[in-house]
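Asker: Quick one, what's the 3D model for this:
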Amino acid sequence: MTDITLGLEHFLAAPPPHLKGLRFGLLCNAASVDRRFRHARHLLHDCLGQRLTSLFSPQHGLFGDKQDNMIESGHRREPGLNIPVFSLYSETRIPTKEMFDHLDALLVDLPDVGTRVYTFMYTVSYCMEAARKLGKKVIILDRPNPIGGLKVEGNILNTAWSSFVGRFPIPMRHGLTMGELALMFNKQFGIGCDLEVIALKGWRREMLYSHTGLPWVAPSPNLPTPTSALVYPGQVIWEGTNVSEARGTTQPFEMFGAPYIDTGQLLNALGGHRLPGAVLRPVEFEPTSNKWQSQRCCGFQIHVVDPDLFQPYLTSLALLQAILKCHRREFQWKSPPYEYEYDRLPIDLILGDQQIRLRLEKMEPVDALAASWREELESYDQMRSQYFLYR
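Answerer: Numbers count the residues shown, from 1 in each chain. Sure thing, here's the model as predicted:
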């Protein structure tokens, strides 16, 4: 365990003098807490007083109470502080001028989980674009990447397949903190807002969340543990299929299954295909909500036994291809809509390129897929290092 100081804690200990007198908004959610579980809105109100004028919430709402995709949260008032809470997952995902009229600078204390399809980073990017347009400042209070900052994995998003689950050409496992992402979005992808990052102290790129000594608060309802975040860069692909990602159970994303899956047949189909760093344990579960509600699903729990070897994206692609092979008649791609896209297949948006799905359907080996994007991934890996705040 290492002593890590969060960006929030840095800001509170020594508020930057050049921000004196500014009015602040705060983009946050239920996981925006310090090491003693105290929430950022209360701590910043104690620090800033009436200068904390408004709150903003991302997908799933201020308290993470909205379970699923495309379940919007409304605007409200925060009862304790009596200030407005503007939902950025409502009739709009882009802040309006009226929302930003309340502030001179937007503080962002929001967790990320290291995966391209996680929408929080795109909410931040829309805030950055609005801030540039309206002459406001954005200040990121940085937090650790819970799945580490060393590894990158997966194909680079084809911008023809951009959506709210992938705005910019980055891989599925991006290997950056929220502060580093914001710096990259701002310069590399041309947002160009007045941006400041209050960095972490003590975090190293090789650290998983379990190494930080910080408390885990679920960043969204279906990532209840650090392990669920670790498997998420791969297991999120089930959202584009009729396979349950185990929403409606106590172990979403760690488990997956469907009533039609034959686990023995699936293991045989994987054959000698090793899944480095992971063990598949056959399970049965009944989701209480979402896909296959109240029906018995057969599948697996992924147990990560060696995080250094584990490749979440390639692991789940291999599993998906095995299901395609064994259960082609029962398996289905999920139909739109998905995250406000009404025409394109959800799986193509999640994978970031229609060609990945087509190549999986043709049974092109997953290792060959990985080889085909290796050069692009290496270029991204070099590019992202320009924005490292932590070495």
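
Asker: any weak-confidence spans in the stretch 201-350 of the chain?
Answerer: Across the stretch 201-350 of the chain, the ranges flagged by pLDDT under 70 are 272-273.

Asker: What segments of it are helices?
Answerer: 226-235, 263-270, 312-326, 346-351 (DSSP state H, counting those that start in this stretch).

Asker: JSON lines for those, including mean neighbour count?
Answerer: Bear in mind the C-beta positions are built from the backbone N, C-alpha and C, glycine included. Compiled in JSON lines, the helices of the stretch 201-350 of the chain are given as follows (neighbours: other C-beta atoms under 10 Å):
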{"stretch": "helix 226-235", "mean neighbour count": "25"}
{"stretch": "helix 263-270", "mean neighbour count": "15"}
{"stretch": "helix 312-326", "mean neighbour count": "22"}
{"stretch": "helix 346-351", "mean neighbour count": "24"}
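
Asker: Columns distance to residue 391 on top of those helices, output as a markdown table?
Answerer: Listed next are those as a markdown table, based on distance: least, C-beta to C-beta, whole Å:
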| stretch | distance to residue 391 |
| --- | --- |
| helix 226-235 | 23 |
| helix 263-270 | 38 |
| helix 312-326 | 24 |
| helix 346-351 | 32 |
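
Asker: Among those, which comes closest to residue 85?
Answerer: Nearest to residue 85 among those is helix 226-235 (25.3 Å), distances taken as C-beta to C-beta.

Asker: packing partners for the closest one?
Answerer: strand 297-304, helix 312-326 (3 or more C-beta pairs under 8 Å, 6 or more residues apart in numbering; DSSP states H and E).

Asker: so which of those gets nearest residue 69?
Answerer: Proximity to residue 69, assessed across the helices and strands packed on helix 226-235 by C-beta to C-beta, is greatest for helix 312-326 (18.0 Å).

Asker: sec struct for residue 108, please.
Answerer: strand (DSSP: H, G, I helix; E, B strand; the rest coil).

Asker: In this structure it contacts residue 140, no?
Answerer: Yes - Residue 108 is within contact range of residue 140, at 4.9 Å (criterion: C-beta atoms under 8 Å).

Asker: what about those two, which has more around it?
Answerer: A side-by-side neighbour count of residue 108 and residue 140, using other C-beta atoms under 10 Å, places residue 108 first with 30 against 26.

Asker: Which strand residues bridge that one?
Answerer: Here residue 108 shows beta-bridge partners residue 27, residue 140, assigned using DSSP bridges.

Asker: gap between it and residue 388?
Answerer: Separation of residue 108 from residue 388 (C-beta to C-beta, to the nearest Å) stands at 19 Å.

Asker: right, and residue 229 touches residue 222 too?
Answerer: No - counting by C-beta under 8 Å, residue 229 does not reach residue 222; the two are 10.4 Å apart.

Asker: anything in contact with each of those two?
Answerer: Common contact partners of residue 229 and residue 222 (C-beta atoms under 8 Å, 6 or more residues apart in numbering): none.

Asker: looking at the helices of the stretch 201-350 of the chain, which is closest to residue 116?
Answerer: Nearest to residue 116, of the helices of the stretch 201-350 of the chain and by C-beta to C-beta, is helix 226-235 at 7.8 Å.

Asker: Find the residue at the geometric middle of the chain.
Answerer: Geometric centre of the chain, nearest residue: residue 118, 2.8 Å, by C-alpha atoms, centre = their mean.

Asker: Helix or strand: which one has that one?
Answerer: Secondary structure from DSSP states H and E places residue 118 outside every helix and strand.

Asker: Does the residue nearest to it when sequence neighbours are not counted belong to a helix, a strand or coil?
Answerer: With C-beta to C-beta, 6 or more residues apart in numbering as the criterion, residue 118 has its nearest non-adjacent residue at 6.2 Å, and that residue is residue 112. Classification of residue 112 by three-state DSSP places it in coil.

Asker: Could you count how many residues lie near residue 112?
Answerer: 25.

Asker: who's in contact with it?
Answerer: Contacts were defined as C-beta under 8 Å, 6+ apart; by that measure residue 112 touches 118, 120, 121, 143, 145, 177, 178, 181, 219.

Asker: Check those residues against residue 196 and report the nearest one.
Answerer: Residue 196 lies nearest to residue 178 out of the contacts of residue 112, by C-beta to C-beta, at 13.1 Å.

Asker: what's the distance between the closest one and residue 330?
Answerer: When residue 178 is compared with residue 330 (using C-beta to C-beta), they lie 39 Å apart.

Asker: which of these two has more neighbours?
Answerer: Using other C-beta under 10 Å, the more surrounded residue of residue 178 and residue 330 is residue 178, with 24 against 13.

Asker: Quick check: phi and psi at the residue nearest to that one when sequence neighbours are not counted.
Answerer: Leaving aside its sequence neighbours, residue 178 sits nearest to residue 112 (C-beta to C-beta, 6+ apart; 4.5 Å). With angles defined as degrees, to the nearest 10, residue 112 sits at phi -120, psi 160.
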